[in-house]
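Colleague: Quick one, structure for this:
(chains A and B)
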Amino acid sequence: MNTETDAIESWLVDRVVAYGRVDTGTFTPETPLAELGLDSVYALTLCGDIEDEYDLDVDPTIVWDHPTIRELAGGISERLAAA
Amino acid sequence: MTTAGPSSRPTGTASGAPDDLDALFGDPRVPGPFDYATIARDDDARRVSSAAESLLDEWDATADFVPASLGGRWVSTEDLVRRWRPIFRRDPSLGVGYGITTLMAALNVWVAGDEEQRADVADRLLRGERIAVGFHELEHGNDLLQNECAATERGGRWFVQGVKQVINNVDRAESILIMARTSDEPGVGSHTLLMWNKDDASRRFADTSRRVLTAGMRGCEIGVAVFDGLPVPVAGTIGAPGTAARTALTAFQVSRAVVPALAIATVDAALDLAVRFGTERSLYGGVVLDLPHARALLAGAIADFLIADALSAVVVRALHLAPAECLILTAAAKYLVPQLLMSAMQDLSVLFGSTFYARVAPYEIFEKFFRDLAVVPIGHAGTTACLLTILPNLQAWLRRSRRTEATEPALFRLGAPLEELDFGRLSLGAGSRDPLGAALRDPIVRDRFVPGTAAAHSLDRLGDALDDLRNEIAAFPASELGTDAAPAAFSLAHRLTLLLAAGAWAGVCADEADATSVTNDPLVREACLRRIEDRLRGRVAPLDPMFVDRLMTFAQDHVARDIPLAPSARKERRHPHVEEGSAA
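Modeller: From the prediction side, this is the model:
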């Protein structure tokens, strides 16, 4: 994993905690977001956060296709590279 | 989309016959095989006219649902709507029963099917076959992700077990597109679309014989499918396993745009009948339309109808011109247009009075229209389900809306040519801009409303209302925009749909391509904008008499000339006179 993906991953962990439904330390980057009680509405909120942070328009399928924080970080990184 | 060598059909009908269904069906007010009286009788008998269905067979009606690149007639979705509207002017249940649910099923294949599947479905539709949409389970309504009817794969075949309910054409359709649960996990990746082409070998594993009787759309053959180990070849999987939800959410954007635009034609016919009734029926020493209350009711219904027409027509064009934005736009249309149309029908039912509930000829068809239209807001994308689609996207819409400076004039140029729809450009997000909201502040639109006039002031107030809505959404916690959202959140989404409708109306008015259109009339422009302002406040007051008189003049003139009221239909004639000697 490169440092950029690493940074995205830790940013995502912060966002998930900031949403207020799970506490730090109760999950890993490999825990499926669905298991954290984060639903499709959260997926859209997260998409908005991604847009604001990375200036990248994404739709919720990115979360469906990358259901863990680690995979999602990889997905964002790929899109940034392609942008 | 690629061409896959389907059988090609000539467009239109057999030589000599007109291609326009209005001409083929004939004037429904004049006695004939498909007149209003016959349609009402067939409805009582819970059937649709077999003569009309034969005519649609000959007309190759389902070729309109097949993209031209696959050998069909579908290029512009606006044309598809225009061609099918004569059916909805006469009998909405014929439109739905004959074909609209086949379109809904086929859309999933156009979105997610492989080349071979698309070619096969194209061939089937061009042969006039039907496909039923086997998605619905009464237990779960529009909450598709909870659906239980399941399929398991063994040795190259899926085996389907479970029940699908309230499925149109379930018994007579040659195929059923089944949404089956293929994983026990919760969430969006647990259902798969399976195309079951009925054949003698598999038919005995399914019972589709039980019919469900409905209050509206009585002619539709709606029923139940019970699957007991039904085998479906793996080759019938539409899209990858687990992708049913995303395919359906994409495909239904098209039907969410098309269905409200077709319903416009039914209300157009109802308004026509109401004007005739109000001019003929004597009451209190005059006719109904001499009464100020009756005139105000009818004028209010016309204003709602004009707004509904603008929104539905622009959203149909958006499928081609702003596809990435269509998740929100089509949900807004499918939510608000049926609501406006039902409100108009409610007003007309008061106008018809005893003629409505006693079903007095020749106006008995109005009571059927009323029942049929009541089904439109339920259907495959219910009113609340549409708001729930918008809710979680409000924050994303806000960001797009704030960065959209100008609108796109082509969206509002009703009837201008469109290229074939690119299903791959429809998205499940909020897209990248807000072309309808932007129309309220667009410099060109504002200029056409003539600054300083009353209509321009109304437009400015609606622009301010858009700013207010944005600020309220910005302050609303994102975590409270899910299915468990409070009524306050629903109200935000409701107001957004009204402001998008205002943008559509303003944009259509500003187009000014057709000098004869009622959308050029300053009073009509203002009447509709003020009607939207009223609806934003949650209180619809009777229209001012100057608006009433202008709207009544418009309607009576169009009825006298026998042309539809909808500005989106401006190139159509209601009952074109067929040339002598040709079949009618």
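Colleague: Please count neighbours and contacts with C-alpha atoms only from this point.
Modeller: Fine.
Colleague: which bits of the stretch 451-584 of chain B sit near chain A?
Modeller: With the criterion set to CA under 8 Å from any CA of the partner chain, the stretch 451-584 of chain B comes near chain A through B:A478, B:S479, B:L481, B:G482.
Colleague: how about the nearest residue to B:L107, chain neighbours excluded?
Modeller: B:A251 (5.3 Å; CA to CA, 6 or more residues apart in numbering or on different chains).
Colleague: Contact partners for that neighbour?
Modeller: Under the criterion of CA atoms under 8 Å, 6 or more residues apart in numbering or on different chains, the neighbours of B:A251 are B:M104, B:L107, B:N108, B:V111.
Colleague: Pretty sure B:Q253 is one of the things the last one touches, is it not?
Modeller: No: in terms of CA atoms under 8 Å, B:V111 does not count as a neighbour of B:Q253; the distance is 10.9 Å.
Colleague: So for the two, which sits in the more crowded spot?
Modeller: Higher neighbour count among B:V111 and B:Q253: B:Q253, with 26 against 22, using other CA atoms under 10 Å in any protein chain shown.
Colleague: State the next helix or strand along the chain beyond whichever strand or helix holds B:T247.
Modeller: Assigned by DSSP states H and E, B:T247 belongs to helix B:244-280. Heading C-terminal from helix B:244-280, the first helix or strand you meet, by DSSP H and E, is strand B:282-283.
Colleague: what does that next one contact?
Modeller: Applying CA under 8 Å, 6+ apart, the contact partners of strand B:282-283 are B:V288.
Colleague: related to what we said a few turns ago, JSON lines for the residues of the stretch 451-584 of chain B next to chain A, including secondary structure, distance to B:P233 and neighbour count?
Modeller: Shown next, in JSON lines, are these (DSSP: H, G, I helix; E, B strand; the rest coil; distance: CA to CA, whole Å; neighbours: other CA atoms under 10 Å in any protein chain shown):
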{"residue": "B:A478", "secondary structure": "helix", "distance to B:P233": "43", "neighbour count": "21"}
{"residue": "B:S479", "secondary structure": "helix", "distance to B:P233": "42", "neighbour count": "18"}
{"residue": "B:L481", "secondary structure": "coil", "distance to B:P233": "40", "neighbour count": "24"}
{"residue": "B:G482", "secondary structure": "coil", "distance to B:P233": "37", "neighbour count": "20"}
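Colleague: which of the residues you listed lies closest to chain A?
Modeller: Nearest to chain A among these is B:G482, at 5.6 Å by CA to the nearest CA.
Colleague: Retrieve the pLDDT associated with the closest one.
Modeller: pLDDT recorded at B:G482 is 74.
Colleague: Now the element after the worst-scoring helix or strand of chain B on mean pLDDT, going C-ward?
Modeller: Here the helix or strand of chain B ranked lowest by mean pLDDT, DSSP states H and E is strand B:282-283, holding a mean of 76. Counting by DSSP H and E, the next helix or strand C-terminal to strand B:282-283 is strand B:286-287.
Colleague: Do I have it right that B:V258 meets B:V81?
Modeller: Yes: if you go by CA under 8 Å, B:V258 and B:V81 touch, sitting 6.7 Å apart.
Colleague: related to what we said a few turns ago, return the member of the contacts of B:A251 nearest to B:E364.
Modeller: Proximity of those to B:E364 (CA to CA) peaks at B:M104, which lies at 30.2 Å.
Colleague: doesn't B:G134 make contact with that closest one?
Modeller: No: using CA under 8 Å, B:M104 is not in contact with B:G134; the gap is 10.6 Å.
Colleague: Can you pick out the residue with more neighbours from these two?
Modeller: Using other CA under 10 Å, the more surrounded residue of B:M104 and B:G134 is B:G134, with 28 against 23.
Colleague: how far away is that one from chain A?
Modeller: The gap separating B:G134 from chain A is 24 Å, by CA to the nearest CA, to the nearest Å.
Colleague: Not counting its neighbours along the chain, what's nearest that residue?
Modeller: Closest to B:G134 by CA to CA, 6+ apart is B:I178, at 4.5 Å.
Colleague: Assign the one you found to helix, strand or coil.
Modeller: Put simply, B:I178 is strand when judged by DSSP: H, G, I helix; E, B strand; the rest coil.
Colleague: quick one: contacts for it?
Modeller: B:I178 is in contact with B:V133, B:G134, B:F135, B:L193, B:L194, B:M195, B:W196, counting by CA under 8 Å, 6+ apart.
Colleague: Which members of those residues are the farthest-apart pair?
Modeller: Across these, no pair lies farther apart than B:F135 and B:W196, at 12.7 Å, counting by CA to CA.
Colleague: what do these two both touch?
Modeller: Shared contacts of B:F135 and B:W196 (CA under 8 Å, 6+ apart): B:L177, B:I178.
Colleague: Compare those two (neighbour count), which wins?
Modeller: Legend: neighbour count by other CA under 10 Å for B:F135 and B:W196, higher for B:F135 (26 against 22).
Colleague: Check what pLDDT that one gets.
Modeller: 93.
Colleague: That one and B:G162 touch, don't they?
Modeller: No: assessed by CA under 8 Å, B:F135 is found out of contact with B:G162, at 11.5 Å.
Colleague: and the residue of chain A found nearest chain B, helix, strand or coil?
Modeller: Residue of chain A nearest chain B, by CA to the nearest CA: A:D59 (4.3 Å). A:D59 carries the three-state label coil when classified by three-state DSSP.
Colleague: wait, it sits on A:L46?
Modeller: No: taking contacts as CA under 8 Å, A:D59 lies outside contact range of A:L46: 9.7 Å.
Colleague: still on that earlier bit, anything in contact with each of B:M104 and B:G134?
Modeller: Common neighbours of B:M104 and B:G134, counting by CA under 8 Å, 6+ apart, are absent.
Colleague: Chain B contacts on chain A?
Modeller: Counting by CA under 8 Å from any CA, chain A comes close to chain B at A:19, A:34, A:41-42, A:44-45, A:48, A:57-61, A:64.
Colleague: Could you dump the contacts of B:I178 into TSV with secondary structure and distance to B:H320 added?
Modeller: Output for those, formatted as TSV (DSSP: H, G, I helix; E, B strand; the rest coil; distance: CA to CA, whole Å):
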residue	secondary structure	distance to B:H320
B:V133	strand	24
B:G134	strand	27
B:F135	coil	26
B:L193	strand	25
B:L194	strand	28
B:M195	strand	27
B:W196	strand	30
